[in-house]
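Colleague: task: produce atomic coordinates for the following.
(one chain, ligands or ions: 2)
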Amino acid sequence: MTYIFAHRGAAGTHPENTMAAFEEALKAGADGIELDVQLTKDGEPVVIHDETVDRTTDGSGWVKDILYRELRKFNAAAKWDGRYGHCPIPHLEEVLAWLAPTRLLVNIELKNSLVAYERLEQKVIAVVRRYGLENRTIFSSFNHNSMRLCRQLAPEIETALLYMEPLYDPWTYVQAMNAGGVHPYHRTVTADFAADARRRGVAVRPFTVNKPKTAKTMFAYKVDAIFTDYPRQAKEWKEKT
Ligand code: G3P
Ligand code: CA
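Modeller: Ligands and ions are numbered 1, 2, ... in the order given. Below you'll find the predicted structure:
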């Protein structure tokens, strides 16, 4: 069964990485949500995709240079014509406190490729453990060393390797990184790759699958999950498969 993960919440229809988007994902019947995490100047884990707040909010500057209390003033729905009111950038704690009583899984992407956030792994692990979500969480990152560190610090939480280009000797590499899964760019996934992964017990969750044709191909390959900006539509595509 292929799970549907709502990418940055339901980013196709709602302001990405906001509580409004995550609530929509739940209502749409997604199996899980995907979110991105970075640290503010004062070390608070916040849910935002870009290293700067410029694209998604009415503020400007690098997340790493902004104090949490200042960052909360920005509106992460500012680019949506007032339709969603004021949506602050969520604290990771806020999202996981909301998610814990639901049935949702969560993929927390550590956004630590361009900025080296000090103790990001330790902080994120602490929040997941605080809400007892170890079995419903998957960590992922394009920074594979960070995933290896997460696995060392929290062996009970699954890690997955994000990548755009196909990996060289993927199964040896996945084993060396002690990862439970791979999160590849969907165009790199073939039927053989998906079948091989399944035989080896490695989860495959391609991103970002926004077209019905691609989704149907991924369902046919029996990948473990897809990430999509359109969880409501993806549910329908899946039911029609
Ligand atoms: O987890 C898949 C996807 O979120 C990775 O790309 O840039 O949307 O964070 P990006
Ligand atoms: Ca992401």
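
Colleague: and the residue of the chain closest to ligand 1?
Modeller: As assessed by CB to the nearest ligand atom, ligand 1 sits closest to residue 207 within the chain, at 3.4 Å. Heads up, the C-betas are built off the backbone N, CA and C, glycines and all.

Colleague: and the gap between the nearest residue to that residue once chain neighbours are set aside and residue 197?
Modeller: Closest residue in space to residue 207, ignoring its immediate chain neighbours: residue 227 at 4.0 Å, by CB to CB, 6 or more residues apart in numbering. As judged by CB to CB, to the nearest Å, residue 227 and residue 197 stand 16 Å apart.

Colleague: and residue 102, that's in a strand?
Modeller: No. The assignment for residue 102, made by DSSP: H, G, I helix; E, B strand; the rest coil, is coil rather than a strand.

Colleague: would you confirm that it contacts residue 26?
Modeller: Yes. Counting by CB atoms under 8 Å, residue 102 touches residue 26, with 5.8 Å between them.

Colleague: these two: which is more packed in?
Modeller: residue 26 (18 against 14; other CB atoms under 10 Å).

Colleague: longest strand of this structure, counting residues only.
Modeller: Criterion DSSP state E: the longest strand present in the chain is strand 32-39.

Colleague: tell me the buried residues in stretch 21-37?
Modeller: Buried residues in stretch 21-37, counted by 16 or more other CB atoms under 10 Å: 21-26, 28, 30-37.

Colleague: now swap in stretch 204-224 and tell me
Modeller: Neighbour counts using 16+ other CB under 10 Å place 204-210, 212, 214-215, 217-219, 221, 223-224 of stretch 204-224 among the buried residues.

Colleague: and ligand 2, is it touching that?
Modeller: No. Stretch 204-224 is not in contact with ligand 2 by CB under 5 Å from the ion; minimum separation 7.4 Å.

Colleague: which residues in the chain form helices?
Modeller: For the chain, the helices defined by DSSP state H occupy 19-28, 68-71, 92-99, 120-130, 144-153, 170-176, 191-200, 212-220, 231-240.

Colleague: can you put those helices in a markdown table and add mean pLDDT?
Modeller: Listed next are the helices of the chain as a markdown table, based on pLDDT from 0 to 100:
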| stretch | mean pLDDT |
| --- | --- |
| helix 19-28 | 98 |
| helix 68-71 | 98 |
| helix 92-99 | 98 |
| helix 120-130 | 98 |
| helix 144-153 | 98 |
| helix 170-176 | 97 |
| helix 191-200 | 98 |
| helix 212-220 | 98 |
| helix 231-240 | 95 |
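
Colleague: could you identify which of the ones you listed is most buried?
Modeller: Highest mean neighbour count among these (mean count of other CB atoms under 10 Å): helix 19-28, with a mean of 21.

Colleague: what helices or strands is that helix leaning on?
Modeller: Judged by 3 or more CB pairs under 8 Å, 6 or more residues apart in numbering; DSSP states H and E, helix 19-28 is in contact with strand 3-7, strand 32-39, helix 92-99, helix 231-240.

Colleague: check contacts around the residue most central in space within the chain.
Modeller: Geometric centre of the chain, nearest residue: residue 34, 3.0 Å, by CA atoms, centre = their mean. Contact analysis of residue 34 by CB atoms under 8 Å, 6 or more residues apart in numbering lists 5, 6, 7, 8, 106, 107, 109, 207, 227.
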